[in-house]
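Enquirer: Just a sequence and a predicted model for now, questions to come.
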Amino acid sequence: MSLLFASLAAIVSFVWFLNYVFGVKRDSKEPPYIDPKFPIIGHAVGLLREKYGYYIALSEKYKLRIFALAIPGMPGGRVYIINSPELVLAVQRQSKQLSFWHVEATFTVGMAGLSPHAAKIVTHNVNGEEEGTSFFKSGMTLQHQEMQPGEHLLNITRDGTQKLARTVSRLEEITRIDLNQWIVDTIMDSVTGSFYGPRNPYKDPEISKAFRDFEDNAVGLISFPLPKVTCRKAYQGREKMVDAFLKYYADEGPKTASHIVQSQDRVATTSGISLLDRARIDAVSGHAILANTTPTAFWTVFHLLSDPKLVEEVRNAVEPFVKTSEKNGHFSREMDISKIRDVPIIRSILHESLRYYADGTGTRIVLQDTMLDDKYLLKKDSFIFMPNRAYHFDESSWGTDVDNFDAHRFMKSKPYQPGAFRGFGGGINLCPGRFYAMNEISFLCSMLVLRYDVKPVCGAWIHPGADSSNLSLIINPPIKEVLVDFKPRAGWAGGDWSFTL
């Protein structure tokens, strides 16, 4: 018995010693800490095994507005989890101290595999508060300016929708498709084509595949040691894309690209970024413009097509924006795209898709000790995690039907409280490409329901499940295939289509 007690005492002493040496020094003003079941490494193991699900489960169990997890090895030795929409707004108000840009700059360096010289440029003076230039702030400011409603957005929208229209027309010849794969290919073609112009590297099927290989484990490139070995497929995919963009520059691709690509190229050149590092940045930029656009498009289209009443509602809403003329039996149709994005039912389905499937987590880093909402001390160098699911499925924000997909939810006068919807981010970190993405997806939905009747091959629309395994994505893609048959709709088949903006 004495030996047993001695052994227990030794174990307790050893754990206490480890906690003393490696544990986080806690401040009484910090948010409450949740201790792991297994001392010191318990939270780290939980995150590795369960990913988002780990802190979502803790949030549901403890019902705290904000809490802290001590995780040795993480920057600052801790992570703050925010579950309250009100505190999300407080984070947005303190964006200089609680920075997303610093997180994104650091991730860009690791994900792209930038040289030390380029890494220094990208991570220097991120917020632009010091003297001298800020590559990162210049780039972010440029993105927001170029992608706001205006001439440049109109140009890429016009180019993108024309590409979408040609692909949709080809469905008259291809009757059976996997809906998700078709949408992934279609969005990739239209979006990258409108950005990168005639020499678009993504036109090469090998590069499109390389992007998907990279995207499948992009987060691994910044999370695992020796990514060339531990994330071999993603690493090789990225390197193929880098080679493709080097060729793109050699062929003077930016000269015939969109204004935003040309402007970004000028910023990189004047900042002293080498050609190789520019190609690396471009290779991972596809993640920003494609990774969450394609699953959002899929879920919006899926929920629309799988509900006959919604199909009819959208047709009735969109048909007034199409002018039809006939000459010698040949039909010509002109669609006013400028009206499509603001069709309430399409907008509502799209936003509800973002609410329902956005399981990702917003991340910030604490640049200096900060009092959040004048109540909680957040320690320098620590990470803040803001899980979308905590806000998007909060019954007090959305009502008792929060677990249901309601296509009309966002047509209500006050569908949610401020801070409860994070589909496009928030504050100064609102997604700069949100207007373009909404234009593309709204147009795609309109064209599909106007021109085709769509039926599932298996006879009934079956939900394919949502895949939450990819930590680099905000919007979960489907797990299973959705095979569908397209049949040209009577009275809308054939003819020429043109579009106005």
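Expert: Okay, I see it.
Enquirer: Can you pull the phi and psi angles for the nearest residue to residue 330 once chain neighbours are set aside?
Expert: Here the nearest residue to residue 330 in space, its sequence neighbours aside, is residue 495; by C-beta to C-beta, 6 or more residues apart in numbering that works out to 6.8 Å. For the C-beta atoms, the positions are set from N, CA and C on the backbone; glycine is no exception. Backbone geometry at residue 495, expressed as degrees, to the nearest 10, gives phi 80, psi 170.
Enquirer: For residue 495, give me its contacts.
Expert: With contacts defined as C-beta atoms under 8 Å, 6 or more residues apart in numbering, residue 495 is in contact with 330-333.
Enquirer: Now do it against residue 175, distance only.
Expert: The gap separating residue 495 from residue 175 is 19 Å, by C-beta to C-beta, to the nearest Å.
Enquirer: The protein: strands as residue ranges?
Expert: In the chain, strands defined by DSSP state E lie at 66-70, 78-82, 98-99, 176-178, 322-327, 330-336, 361-366, 370-372, 376-378, 383-387, 452-456, 483-488, 496-500, listed in chain order.
Enquirer: right, and those strands - which one's nearest residue 422?
Expert: strand 361-366 (6.3 Å; C-beta to C-beta).
Enquirer: At the geometric centre of the protein, which residue sits there?
Expert: For the chain, the residue lying nearest the average C-alpha position, counting by C-alpha atoms, centre = their mean, turns out to be residue 292 (3.8 Å).
Enquirer: wait, what's in contact with that residue?
Expert: Contacts of residue 292 were listed using C-beta under 8 Å, 6+ apart, and they are 473-475.
Enquirer: Out of those, which comes closest to residue 68?
Expert: Set against residue 68, the nearest of those by C-beta to C-beta is residue 474 (23.6 Å).
Enquirer: count of neighbours near the nearest residue to residue 314 once chain neighbours are set aside?
Expert: Distances taken as C-beta to C-beta, 6+ apart put residue 449 closest to residue 314, at 5.1 Å, once the chain neighbours are dropped. Here the count is done by other C-beta atoms under 10 Å, and residue 449 has 25 residues near it.
Enquirer: and this structure, what are its domains?
Expert: When the chain is parsed with automatic domain parsing, its domains come out as 24-113+361-422, 116-122+147-358+423-500.
Enquirer: Could you export these as TSV, including distance to residue 140?
Expert: TSV is the format used below for the domains of the chain (distance: least, C-beta to C-beta, whole Å):
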stretch	distance to residue 140
domain 24-113+361-422	7
domain 116-122+147-358+423-500	8
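Enquirer: Off-centre distance for stretch 380-399?
Expert: 16 Å (C-alpha atoms, centre = their mean, to the nearest Å).
Enquirer: Quick check: buried residues in that stretch?
Expert: Across stretch 380-399, burial judged by 16 or more other C-beta atoms under 10 Å covers 382-394, 397-398.
Enquirer: CA atoms of that stretch as CSV?
Expert: In CSV, the C-alpha atoms belonging to stretch 380-399 read as follows (Å, rounded to 0.1, in the frame of the first residue of the first chain):
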residue,chain,number,x,y,z
LYS,A,380,-0.1,39.4,-26.1
ASP,A,381,0.8,36.8,-28.8
SER,A,382,-2.2,34.6,-28.0
PHE,A,383,-4.6,33.5,-30.7
ILE,A,384,-8.4,34.2,-30.7
PHE,A,385,-10.7,31.6,-32.3
MET,A,386,-14.2,32.6,-33.3
PRO,A,387,-16.1,29.5,-34.4
ASN,A,388,-18.8,30.3,-36.9
ARG,A,389,-21.0,27.4,-35.7
ALA,A,390,-21.3,29.0,-32.3
TYR,A,391,-23.0,32.1,-33.8
HIS,A,392,-24.7,30.5,-36.8
PHE,A,393,-26.5,27.9,-34.7
ASP,A,394,-27.3,30.1,-31.7
GLU,A,395,-31.0,29.8,-30.9
SER,A,396,-31.2,33.1,-29.2
SER,A,397,-29.9,34.8,-32.4
TRP,A,398,-31.9,32.8,-35.0
GLY,A,399,-34.9,31.3,-33.3
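Enquirer: Now do it, average pLDDT.
Expert: Model confidence over stretch 380-399, given as mean pLDDT, is 93.
Enquirer: ok, of the contacts of residue 495, which come out buried?
Expert: For the contacts of residue 495, a neighbour count by 16+ other C-beta under 10 Å gives the buried set as residue 333.
Enquirer: Go through the contacts of residue 495 and name the one nearest residue 70.
Expert: Within the set of the contacts of residue 495, residue 333 lies nearest residue 70; the separation is 61.9 Å, counting by C-beta to C-beta.
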